[in-house]
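J.: no sequence for this one, just the structure:
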DNA sequence: TGGGCTGCATGATAGGTATCATGTTTGTGG
DNA sequence: CCACAAACATGATACCTATCATGCAGCCCA
């Protein structure tokens, strides 16, 4: 467990290796995954401006993270006029990504979702060996994705 | 049409009344809705820091919008150290909303989606007359939502 | 009072996908 | 060069949901 929901925000994290999920627990015991952060991903980027974490973060694989103390980040953002803008720009990009994913997931068929995904990736097919990650991202089983891909050849 | 994709960013908009959809067109002619902005909603909040709009915006109903020139907003963000932080905080909140929606839509059954939605709304049921909006938000037909609701009573 | 509109509700059917099962190809390390 | 794992691929079945259809209740307005 990297950090727990409602805990005081201590740091912002960057994933160096491994896989960390941002999750939220429900009353019925169910668990919802909000973000899958692998190498290069940033965790809790939206929480540095808050007092407590809005979700929990748990390592799914053995992972290495780099922690940036919340205080330092906050001081930087408040002192440097540029830093805050860079930060805002980053958040804007993250938001576009999240909205994109949301609307892809709102589509009903695998065909529609794949087409939409391809549109955002400028038609580039994923490299061999990573297709199941795409299946994960657009919320379909890998089998269904394979079937749809083979239909298009 | 409020603005078109790839057009130069002229303004940031706030919806006063009506309904405006943020959309993106695909190669196959299909259309994906990224955001539904009704009264109080903000349009292109992520685009003020960009040169061109990333999506198109079209009014679904007769609507009234208030436009804030991009230049003014940009000047404010660059001059006031606080404004940029407030803006970042707003973007962070929007991002959380988008991520929440994405993960609700990643759930497979209506029951799971409704439970997740209720968790984020602290268990409050929607008021009578707005349930079909919830159905829309969690990506299910209103009939399916009615069925699930009646099963829980 | 009655017509029309909207939200709520339920039944029947068809279609799409998750899941399980099983097999083939590819690639990596010993 | 072989073994073993992961990715790729395809078939069969069951389940869930979208959709169409239909009906009821409340509300506004003429």
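T.: Perfect, I can see it now. Everything numeric here is computed off the predicted structure, so don't read it as measured data.
J.: what residues does residue A:60 make contact with?
T.: Shown in contact with residue A:60 (C-beta atoms under 8 Å, 6 or more residues apart in numbering or on different chains): A:18-21. C-beta coordinates here come from the backbone N, C-alpha and C atoms, glycine included.
J.: do that again at 7 Å, thanks
T.: By C-beta atoms under 7 Å, 6 or more residues apart in numbering or on different chains, residue A:60 lies in contact with A:19-21.
J.: most surrounded residue in the residues you listed?
T.: Highest neighbour count within the contacts of residue A:60: residue A:20, with 21 neighbours (other C-beta atoms under 10 Å in any protein chain shown).
J.: just the closest of the contacts of residue A:60 to DNA strand D, please.
T.: Distances from DNA strand D to those, taken as C-beta to the nearest atom of the strand, are shortest for residue A:19 (12.2 Å).
J.: so that closest one makes contact with residue A:35?
T.: No - using C-beta atoms under 7 Å as the test, residue A:19 is too far from residue A:35 to be in contact (10.9 Å).
J.: off-centre distance for the longest helix belonging to chain A?
T.: Ranked by residue count under DSSP state H, the longest helix found in chain A is helix A:81-106. Relative to its parent chain, helix A:81-106 has a centroid offset of 11 Å by C-alpha atoms, centre = their mean, to the nearest Å.
J.: is DNA strand D within reach of it?
T.: No - Helix A:81-106 does not reach DNA strand D (C-beta under 7 Å from any atom of the strand); its nearest approach is 9.5 Å.
J.: toward the C-terminus, what is the element adjacent to that helix?
T.: helix A:110-120 (DSSP states H and E).
J.: by contact count, what packs against that next one?
T.: With contacts taken as 3 or more C-beta pairs under 7 Å, 6 or more residues apart in numbering or on different chains; DSSP states H and E, helix A:110-120 sits against helix A:81-106, helix A:142-151.
J.: okay, which residue is most central for chain A?
T.: Closest to where the C-alpha atoms of chain A average out (C-alpha atoms, centre = their mean) is residue A:35, at 3.5 Å.
J.: I'd say that one and residue B:99 touch.
T.: Yes - between residue A:35 and residue B:99 there is a contact under C-beta under 7 Å: 6.4 Å.
J.: ok so, going back, run the angle between the longest helix of chain A and helix A:110-120 for me.
T.: 160 degrees (axes from the mean of the first three to the mean of the last three C-alpha atoms, to 10 degrees).
J.: go through helix A:81-106 and flag the buried ones.
T.: A:83-85, A:87-89, A:91-96, A:98-106 (16 or more other C-beta atoms under 10 Å in any protein chain shown).
J.: please determine whether it lies in contact with DNA strand C.
T.: No - Helix A:81-106 lies apart from DNA strand C when judged by C-beta under 7 Å from any atom of the strand; the minimum separation is 10.3 Å.
J.: does DNA strand D sit close to the least confident helix or strand in chain A by mean pLDDT?
T.: Lowest on mean pLDDT, DSSP states H and E among the helices and strands of chain A sits strand A:31-38, with a mean of 81. No - judged by C-beta under 7 Å from any atom of the strand, strand A:31-38 makes no contact with DNA strand D; its nearest approach is 12.7 Å.
J.: what's the first helix or strand after that strand?
T.: Per DSSP H and E, the first helix or strand lying C-terminal to strand A:31-38 is strand A:42-43.
J.: note down every partner strand of that following strand and its orientation.
T.: strand A:11-17 (antiparallel) (DSSP bridges).
J.: between the partner strand and strand A:31-38, how many degrees?
T.: 70 degrees.
J.: now do the contacts for residue A:34.
T.: Contact analysis of residue A:34 by C-beta under 7 Å, 6+ apart lists A:22-24, A:55, B:99, B:103.
J.: actually residue A:50, sorry about that
T.: By C-beta under 7 Å, 6+ apart, the residues touching residue A:50 are residue A:9.
J.: rerun at 8 Å
T.: By C-beta under 8 Å, 6+ apart, residue A:50 lies in contact with A:9, B:92.
J.: any idea how far residue A:74 is from it?
T.: To residue A:74, residue A:50 is 11 Å away according to C-beta to C-beta, to the nearest Å.
J.: residue A:17 now?
T.: Separation of residue A:17 from residue A:74 (C-beta to C-beta) stands at 27 Å.
J.: before I go, just wanted to say thanks for your time.
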